[in-house]
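A.B. asks: Based on what follows, work out the 3D shape:
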Amino acid sequence: MELERIIRDTLTHFIQSHLPAADLSGMDDVFFSYITGVLEELGSPESSEETFDMDTFVEMMEAYIPGFAEIHSGDICEMMFSLSERLGEARSKEKPGKKVVESRSEAHSEDLTKGQEPGAGACNGERLCTLTDGAEAKEGNDLEDGVELLLEMFPACTMSQAEKALAMALGNLEEAVQLIVEEKVEIGAAGVSVKELARARRAPNHEELKQVILQK
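C.D. replies: Alright, predicted model coming up:
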């Protein structure tokens, strides 16, 4: 980001010009986050040289850059306010570009809104939207697949009973299987339960059913 580069370059040049042998390894992300916060405060209309807490700032900088406290406070104050002004100018230059992007985004949103108005492809009483048709078709396919899978797992289950189980489970296949296993939906021509059918064919346990569902 341009603003971060300005802060880094300015501070590096300032420190090295006063402390040529300074260790700059402490200038990490936390350091620049602190500096950015201070510069934003200096850039506010209420800020002035009198309100700038020089002692606290120098103490913090000394912790990151050993020897920083040796630099004259007047030079530090001048550098910080000058840097704050540069950042303000840089932000002003960036704003026009942001406004162009925002205006384009707003125009695009308006186009989408107009496209949803009546007469522009919206749904009416006789014709459904293409998106609605696609969604309903997908739901129908999912329901058919679920019914087929239930019929494979429970041969004695009728199509209407499989559909009933899926309806009770709100389309959730695993819950529908669980309903049948727990005998909350009876299967068989004469209301034969899962326990009775188990004599002729062992009902699949929950783990086996889960594996079948996952394979699908």
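
A.B. asks: Could you list the single helix or strand in this protein with the lowest mean pLDDT?
C.D. replies: helix 194-197 (a mean of 43; mean pLDDT, DSSP states H and E).

A.B. asks: any idea how this protein splits into domains?
C.D. replies: Here the domain parsing of the chain from automatic domain parsing is 2-111, 135-215.

A.B. asks: can you redo those as a markdown table with mean neighbour count?
C.D. replies: C-beta coordinates here come from the backbone N, C-alpha and C atoms, glycine included. As requested, these are exported to a markdown table (neighbours: other CB atoms under 10 Å):
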| stretch | mean neighbour count |
| --- | --- |
| domain 2-111 | 13 |
| domain 135-215 | 15 |
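
A.B. asks: and those, which one is worst for confidence?
C.D. replies: In terms of mean pLDDT, the lowest-scoring of these is domain 135-215 (a mean of 67).

A.B. asks: Tell me the helix or strand right after the helix or strand containing Leu149.
C.D. replies: Element membership of Leu149, judged by DSSP states H and E, is helix 130-153. Later in the chain than helix 130-153, the nearest helix or strand by DSSP H and E is helix 159-168.

A.B. asks: which strands and helices sit next to that next one?
C.D. replies: helix 130-153, helix 173-181 (3 or more CB pairs under 8 Å, 6 or more residues apart in numbering; DSSP states H and E).

A.B. asks: what packs against the last one?
C.D. replies: Think helix 173-181. helix 130-153, helix 159-168, helix 206-215.

A.B. asks: Just the C-alphas of that helix, formatted as CSV.
C.D. replies: Only the C-alpha atoms of helix 173-181 are listed here, as CSV (Å, rounded to 0.1, in the frame of the first residue of the first chain):
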residue,chain,number,x,y,z
LEU,A,173,-32.2,-38.0,3.3
GLU,A,174,-30.3,-39.1,6.4
GLU,A,175,-33.2,-38.0,8.6
ALA,A,176,-35.7,-39.7,6.4
VAL,A,177,-33.7,-43.0,6.7
GLN,A,178,-33.6,-42.5,10.5
LEU,A,179,-37.4,-42.0,10.6
ILE,A,180,-37.9,-45.4,8.8
VAL,A,181,-35.3,-47.2,10.9
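
A.B. asks: how much does that helix deviate in direction from helix 159-168?
C.D. replies: Interaxial angle, helix 173-181 versus helix 159-168 (axes from the mean of the first three to the mean of the last three CA atoms, to 10 degrees): 120 degrees.

A.B. asks: What separates the first and last residues of stretch 166-174, distance-wise?
C.D. replies: 9 Å (CA to CA, to the nearest Å).

A.B. asks: oh sorry, the question was meant for stretch 24-31
C.D. replies: Stretch 24-31: ends 11 Å apart by CA to CA.

A.B. asks: Same question for stretch 165-176.
C.D. replies: Using CA to CA, the two ends of stretch 165-176 sit 5 Å apart.

A.B. asks: Also stretch 150-167?
C.D. replies: OK, stretch 150-167 end separation, CA to CA: 13 Å.

A.B. asks: Then stretch 162-176?
C.D. replies: 8 Å.

A.B. asks: now stretch 35-53
C.D. replies: End to end - CA to CA - stretch 35-53 spans 13 Å.
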